[in-house]
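Q: Quick one, fold the following:
(one chain, ligands or ions: 1)
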Amino acid sequence: MGHQMFNYDEELGEAVFAYCRERLSMDPVPLDFGSAFDIDDERIRELITRDGRDPVEVLEHFRHDLAPAVVSIDSPGFLAFIPNAPTKNSLLFDMVVACSGLNGTSWLESRGVVVAENQALSFLAERAGMPAGAGGAFVSGGSIGNLSSLTVARDVGRAKHPDLDPRSVRIAISADAHSSIGKALHVLDVEPLLVTTDDHRFTLGALEAALANDPHRENVVAVVATAGTTNAGIIDDLEGLGSYAREHDLWFHVDGAYGGAAIFSPTHAPLMSGIRHADSFIVDPHKWLFAPLDCCALVYRQPSLARKALAQQASYLDVLHEGDDDHYDWNPSDFGIQLSRRARGLPFWFSLATNGVAAYESAVERAITLAGLTETLINEADHLEMVRPSSLSVVLFRRRGWSPERYNEWSKWLLHEQIAFVTPTKWEGETVARLAFLHPNTTEEMVHQIVDSMRD
Ligand SMILES: *Cc1c(COP(=O)(O)O)cnc(C)c1O
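A: Model (predicted):
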């Protein structure tokens, strides 16, 4: 019978499946309370014991004492940060991945995972206009996607410039690049060329001016553009920066963790066409492509360059690398920082395959449409004012006369009343309100309620 810990407990199985069925059928998913919910630490402390507790009882503890202390990121009322709105099919398939313990580390072990994931990656690369042969892996999120890409960018830049001190190579970024780009450069010990921009958009003009003023411009080996900044949804000049990078033999990385999903938007895909110049491109399916956390699609124009920089070498891993150069076995671990990897691309793959591309197009478009409607509503309200025009699905606006404390109180109140989860942000030093739309089931009524709640 084996060790009792590895026996299937039918009663617990039924209880967990019932819990999952209940969550999956909630419409809408309730917001719940996050850190505003008090947790009884005493009860939690009693849970881990020498002999183990009754599993159904612990599950009930979780349901009542811990689950409400998590704001449901998949609720249509979650409009803070960047929401996550997994399709039901993606959540269901995540259960398949979990229950099968699906591993996606190497071709040798997991060809069935890798083939499906690569189908999804190729689809995204093609939509983004990258050439056939582009590929990579699904990694844990945009931060690791950026770090992996910039590691390759740095190594390729160093190799191209044997004349330079390897520690001197730099990467051009704008001040509005995501914080994970700065963190990646910190980890890589690479100095940025920090480009100042007009109105927060990284343009070719801004890059050229920064390079012209820099005495060590020959050290710059890569350019990072953002396809949809997180705070404001701004799309950098992908076409200008990308073609410049191509002409000058610089690595071009496009961070589309949030906004890259607009390759599915019938109205906004043309603004994404400059991604076709990218040497590396990331988009997080766990953001605007409706997959569960945590999942980033990382695609390289020439995967062999990434493999050279990132494949782990160890004698026990040699069997994974026995292909020749033209016909390599495809190991996801060769393209990112991590080695062991759950099959995290499969829920996205399953959702795309079962819902179809057209459903993705209309769901992505819906968030942009709602941002536009919200902008109209704000422009018509006397107490409110747009900070800048909405971009992609992000709306930045101010309540005339409010202090930062007042925004915070309002944010807490909205969650307390279970109306929405909205957090203020800063724009040029000023505390302002921010709505990030993503869930297609967020309604205009919700927006009306939020706007009205700002009257007093
Ligand atoms: C969210 C985001 C990231 C970081 O992605 P994680 O998945 O949270 O690690 C990077 N860049 C941009 C533009 C983002 O919006």
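
Q: Show me what from this protein comes close to the ligand.
A: Proximity of the chain to the ligand is confined to 82, 141-143, 146, 178, 180, 226, 230, 255, 257-258, 284, 296 under the rule CB under 6 Å from any ligand atom. Backbone N, C-alpha and C define where each C-beta goes, glycine included.

Q: I believe residue 194 is in a strand; please confirm or correct that.
A: Yes - counting by DSSP: H, G, I helix; E, B strand; the rest coil, one finds residue 194 located in a strand.

Q: give me the beta-bridge partners of it?
A: residue 173 (DSSP bridges).

Q: separation between it and residue 171?
A: Going from residue 194 to residue 171 by CB to CB, to the nearest Å gives 10 Å.

Q: for the chain, which residue is closest to the average position?
A: Ranked by distance to the mean C-alpha position of the chain (CA atoms, centre = their mean), the top residue is residue 284 at 3.4 Å.

Q: Could you report the pLDDT at it?
A: For residue 284, the model assigns a pLDDT of 98.

Q: quick one, phi psi at it?
A: phi -90, psi 110 (degrees, to the nearest 10).

Q: Can you give me every residue that contacts it?
A: Residues near residue 284 by CB atoms under 8 Å, 6 or more residues apart in numbering: 141, 142, 145, 257, 258, 260, 295, 296, 297.

Q: burial count for the closest residue to residue 189 other than its chain neighbours?
A: Nearest non-adjacent residue to residue 189, counting by CB to CB, 6 or more residues apart in numbering: residue 167, 7.1 Å away. Burial of residue 167 is recorded as 10 neighbouring residues (other CB atoms under 10 Å).

Q: Next: residue 410.
A: Neighbours of residue 410 using other CB under 10 Å come to 18.

Q: Which strand or helix spans it?
A: helix 404-416 (DSSP states H and E).

Q: any idea how far that helix is from the chain center?
A: 26 Å (CA atoms, centre = their mean, to the nearest Å).

Q: Contacts made by the one helix or strand in the chain whose mean pLDDT sits lowest with the rest, please.
A: Sorting the helices and strands of the chain by mean pLDDT, DSSP states H and E puts helix 41-45 at the bottom, at a mean of 90. With CB under 8 Å, 6+ apart as the contact definition, helix 41-45 has outside contacts at 61, 65, 66.

Q: Identify each buried residue in it, please.
A: By 16 or more other CB atoms under 10 Å, helix 41-45 has no buried positions at all.

Q: Run the chain-centre distance for that helix.
A: Distance of helix 41-45 from its chain centroid, counting by CA atoms, centre = their mean, is 34 Å.

Q: neighbour-wise, which of residue 194 and residue 171 wins?
A: Ranked by neighbour count (other CB under 10 Å), residue 194 and residue 171 place residue 171 first, with 26 against 13.

Q: Can you get me a residue count around the closest residue to residue 103 other than its chain neighbours?
A: Sequence neighbours aside, residue 110 is the residue nearest to residue 103 in space, at 5.5 Å (criterion: CB to CB, 6+ apart). The local packing of residue 110 (other CB under 10 Å) involves 19 other residues.

Q: Let me see the contact set for residue 110.
A: Counted by CB under 8 Å, 6+ apart, residue 110 has contacts 102, 103, 104, 343.

Q: what's the helix or strand for it?
A: With DSSP H and E as the criterion, the answer for residue 110 is helix 107-127.

Q: following that helix, which helix or strand shows up next?
A: That would be, after helix 107-127 and using DSSP H and E, strand 135-139.

Q: Who is the residue of the stretch 351-456 of the chain found nearest the ligand paired with across the strands?
A: Using CB to the nearest ligand atom, the closest approach of the stretch 351-456 of the chain to the ligand is made by residue 436 at 9.6 Å. Residue 436 has these beta-bridge partners by DSSP bridges: residue 394.
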